[in-house]
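Participant: coords below, sequence missing:
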């Protein structure tokens, strides 16, 4: 239990997808103009990560890794399908993203219109694919570890985008020099937030 808690905290703060690995920056910068749209996209990312990563974990463990198909027959014991990891992971992510897009469009048309093209782009959001690849690279041993890592990574991405959106809303009322308005001051803020999150890297979990 303590290991899972450590993994959860670590994936939110120490190994934050945005500030530690700079994954998902395109939608992070584009959709963080208002807290409402940032919250909507953040929740969608948590859901997609929370569903796709455990599915990809099971596919990786029982289908893709060398010898994982031995449960089918001894003839498949030496089969290695790991070269299909990218294709399989992206296919799962795209399927779940399509489901999220349909649900958001049906129940919250205003949010769907606000997110625009960036909602379907969750399918190619490198934070989502990165979560699955990190899971595979680190060799998590149980499904619970994969689920905890997925939720922690999603919450970390959610906190990052909502925090930036809140700051950008406040900056509208600030006297920002003309050359820095828009993305200029946003890049500066992201850099400062990244430096702030680096302080969590000193925590030993």
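Facilitator: That came through fine. Please read all numbers here as calculations on a predicted model, not as lab measurements.
Participant: Only C-alpha atoms from now on, for both contacts and neighbour counts.
Facilitator: Noted.
Participant: buried residues in the longest helix anywhere in the chain?
Facilitator: If each helix of the chain is counted by residues according to DSSP state H, the longest one is helix 143-171. Neighbour-count burial for helix 143-171 flags 145-168 (criterion: 16 or more other Cα atoms under 10 Å).
Participant: quick one: pLDDT of residue 25?
Facilitator: Note for residue 25: predicted pLDDT of 89.
Participant: With adjacent residues omitted, what lies nearest to it?
Facilitator: Of all residues not flanking residue 25 in the chain, residue 18 sits nearest, at 6.8 Å (Cα to Cα, 6 or more residues apart in numbering).
Participant: could you measure that neighbour against residue 145, distance?
Facilitator: Distance, residue 18 to residue 145, by Cα to Cα, to the nearest Å: 21 Å.
Participant: same deal with residue 170?
Facilitator: With distances taken as Cα to Cα, residue 170 is found 38 Å from residue 145.
Participant: same deal with residue 192?
Facilitator: Counting by Cα to Cα - residue 192 and residue 145 are separated by 31 Å.
Participant: Repeat that for residue 169.
Facilitator: Residue 169 is 36 Å from residue 145, by Cα to Cα.
Participant: list the buried ones in stretch 196-205?
Facilitator: Going by 16+ other Cα under 10 Å, stretch 196-205 has these buried residues: 197, 198.
Participant: brain fart, stretch 101-116
Facilitator: So, applying 16+ other Cα under 10 Å, buried residues of stretch 101-116: 104, 111, 112, 114, 115.
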